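Asker: The following comprises the amino acid sequence and a computationally predicted model.
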Amino acid sequence: MKLEFKDNKFRILMIADTQEGKRVNEDTLRLINASLDEAMPDMVVYSGDQIWGKRNFKGNASEVERVLRELTEPVSKRNIPFAICFGNHDRQVGLSNAEQFEIYKKFPCFIGETTPDIDGTGNFCYEIKDGEEVKYLLYLFDSHSSLKIGYDNVHENQIEWYKKTRDSYIEKNGEPIPSVVIQHIPVCEVFELLTRVKRTKRGAVRGFRTHDGEYFVLNKERVNETGFMKESPADPQENSGEFAAFTEKGDVRGLYFGHDHNNSFNGDINGIDVGYTQGAGFNVYGPGKDRGTRVIDLYSDGTLKTFDLRYKNIVGKRVKNKIKYAIMQLCPTNMFDAISRAAKFFVSVAAILIIALIIITFLK
């Protein structure tokens, strides 16, 4: 399928972190369907962690195919072209990303391709044209998975591939082609949109790993007015220089990622609009009925605009699977959050026991 501007605009719908198991949650599908009807996009990108869990799939390819088909059917039945990125959880189902990519190829309207001889699966540059003229480029990156400690990043040979691709278009056109990038794991530079605060600051979220012991809030002067952050960015353990490469020639206008389900905000960093898309899945933790998707509007003059669509606004205030929803709202966001909650629980229990002992002693 050819990707073309319509009336000088091309609309992408980004769906992040559906993270489904063997039984796709009806509320996830309601959100996807409502987003498609509201946005009427020209292309859809699922940005990683579509599925997860060894216990869910145990490497069963037919089960993986069934669930992925169910997740993408709302798009294909509307005859909308779509592509995918991989996240850190997809491969946990017991099939490699390359094996899953072959499954996606069976689905109607899937236009995903992968560039050989560089790390990862699904790395590709898509041309978006106005007539025969390339007006925008969309880069999708495999940002890989978890390391022994922390998260991986886009690798050096992927960055070199991006640079060569970018420069080849400059050579053909005499100037950079405006571009947008979508991947799963964020870049380290996202912290430039945050403000470090004291632990007692209202709304402060605690950093972890490389930011353990630090607390952050959104810098309201730099991010969109309706943005929210309910968990610390889980950025890579090392800065690969990916973002620095994107700033070299002024071609990249937007960079968007998922990964941290409870975050949805965007703001300018060195001329690039950088932003989170919140999780869309209801079978995993998320920001309540602020679960959503992201619209990215590209314009033929090289500009872009973006905003999110939230469940509560396009579906409603009620969910179908109330019990599962309640359970997922209580889930910790990561191991550090789980440990912190456990510590608070035991401290509270200890305090109650001490007070009880004091009262018992006094009554004697």
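Answerer: Arrived safely, thanks for sending. Nothing here was measured: the structure is a model prediction, and the numbers come from that model.
Asker: any chance you could map the helices in the stretch 1-150 of the chain?
Answerer: Ranges of helices within the stretch 1-150 of the chain are 26-39, 54-57, 61-76, 97-104, based on DSSP state H, counting those that start in this stretch.
Asker: Reformat those as JSON lines; add mean neighbour count.
Answerer: C-beta coordinates here come from the backbone N, C-alpha and C atoms, glycine included. Shown next, in JSON lines, are the helices of the stretch 1-150 of the chain (neighbours: other Cβ atoms under 10 Å):
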{"stretch": "helix 26-39", "mean neighbour count": "20"}
{"stretch": "helix 54-57", "mean neighbour count": "16"}
{"stretch": "helix 61-76", "mean neighbour count": "18"}
{"stretch": "helix 97-104", "mean neighbour count": "18"}
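Asker: Look up the closest residue to K201, ignoring the ones flanking it.
Answerer: Once flanking residues are discounted, K201 sits nearest to V217: 6.2 Å by Cβ to Cβ, 6 or more residues apart in numbering.
Asker: doesn't that neighbour fall inside a helix?
Answerer: No. With DSSP: H, G, I helix; E, B strand; the rest coil as the criterion, V217 is located in strand rather than a helix.
Asker: That one: what's it in contact with?
Answerer: By Cβ atoms under 8 Å, 6 or more residues apart in numbering, V217 lies in contact with 194-195, 197, 201, 203-205, 229.
Asker: Let me know the closest of those residues to E221.
Answerer: Nearest to E221 among the contacts of V217: T195, at 9.1 Å, using Cβ to Cβ.
Asker: Is the closest one part of a helix or strand, or is it coil?
Answerer: Once three-state DSSP is applied, T195 turns out strand.
Asker: That one - how many residues pack around it?
Answerer: For T195, the count of nearby residues is 15 (other Cβ atoms under 10 Å).
Asker: Spatially, which residue comes closest to it, not counting chain neighbours?
Answerer: N219 (4.6 Å).
Asker: out of the helices of the stretch 1-150 of the chain, nearest to M14?
Answerer: helix 26-39 (9.6 Å).
Asker: Helix 61-76 and the closest one, what's the angle between them?
Answerer: 30 degrees (axes from the mean of the first three to the mean of the last three Cα atoms, to 10 degrees).
Asker: and helix 26-39, what other elements does it pack with?
Answerer: Where contact means 3 or more Cβ pairs under 8 Å, 6 or more residues apart in numbering; DSSP states H and E, helix 26-39 is packed against strand 9-15, helix 61-76, strand 292-299, strand 304-310, helix 311-314.
Asker: mind running it again at 10 Å?
Answerer: strand 9-15, strand 43-46, helix 61-76, strand 292-299, strand 304-310, helix 311-314, helix 322-330 (3 or more Cβ pairs under 10 Å, 6 or more residues apart in numbering; DSSP states H and E).
Asker: How far off centre is the fourth one?
Answerer: A distance of 13 Å separates the centroid of the chain from that of strand 292-299, by Cα atoms, centre = their mean, to the nearest Å.
Asker: list the buried ones in stretch 309-323?
Answerer: Within stretch 309-323, the residues that qualify as buried are 309-311, 314-315, 319, 321, counting by 16 or more other Cβ atoms under 10 Å.
Asker: then that stretch to CSV, C-alphas only?
Answerer: Extracted C-alpha coordinates of stretch 309-323, given in CSV (Å, rounded to 0.1, in the frame of the first residue of the first chain):
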residue,chain,number,x,y,z
LEU,A,309,-7.0,9.9,22.7
ARG,A,310,-8.1,8.6,26.1
TYR,A,311,-10.5,5.8,26.9
LYS,A,312,-12.7,7.9,29.2
ASN,A,313,-13.2,10.4,26.4
ILE,A,314,-13.8,8.2,23.4
VAL,A,315,-15.3,5.0,25.0
GLY,A,316,-16.7,6.2,28.3
LYS,A,317,-16.3,6.0,32.0
ARG,A,318,-17.3,2.3,32.3
VAL,A,319,-15.3,-0.8,31.6
LYS,A,320,-16.7,-4.2,30.7
ASN,A,321,-14.2,-6.2,32.7
LYS,A,322,-14.5,-4.5,36.1
ILE,A,323,-12.7,-7.1,38.2
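Asker: From F243, how far out is V252?
Answerer: 9 Å (Cβ to Cβ, to the nearest Å).
Asker: Next, show the common contact partners of those two.
Answerer: 181, 270, 272, 274 (Cβ atoms under 10 Å, 6 or more residues apart in numbering).
Asker: count of neighbours near the closest residue to L194 other than its chain neighbours?
Answerer: Excluding the flanking residues, the one nearest L194 by Cβ to Cβ, 6+ apart is F216, at 4.3 Å. By the criterion of other Cβ under 10 Å, F216 has 21 neighbours.
Asker: Local confidence estimate at F216?
Answerer: Listed pLDDT for F216 reads 98.
Asker: for it, what are its contacts?
Answerer: 191, 193-197, 201, 203-207, 229, 232-233.
Asker: Quick check: the residue nearest to T195 touching V190?
Answerer: No. With contacts counted by Cβ atoms under 10 Å, N219 stays clear of V190, the gap being 11.2 Å.
Asker: where's the closest residue to D251 other than its chain neighbours relative to K2, distance?
Answerer: The shortest distance from D251 to any non-neighbouring residue, by Cβ to Cβ, 6+ apart, is to P176 (3.6 Å). P176 sits 22 Å away from K2, going by Cβ to Cβ.
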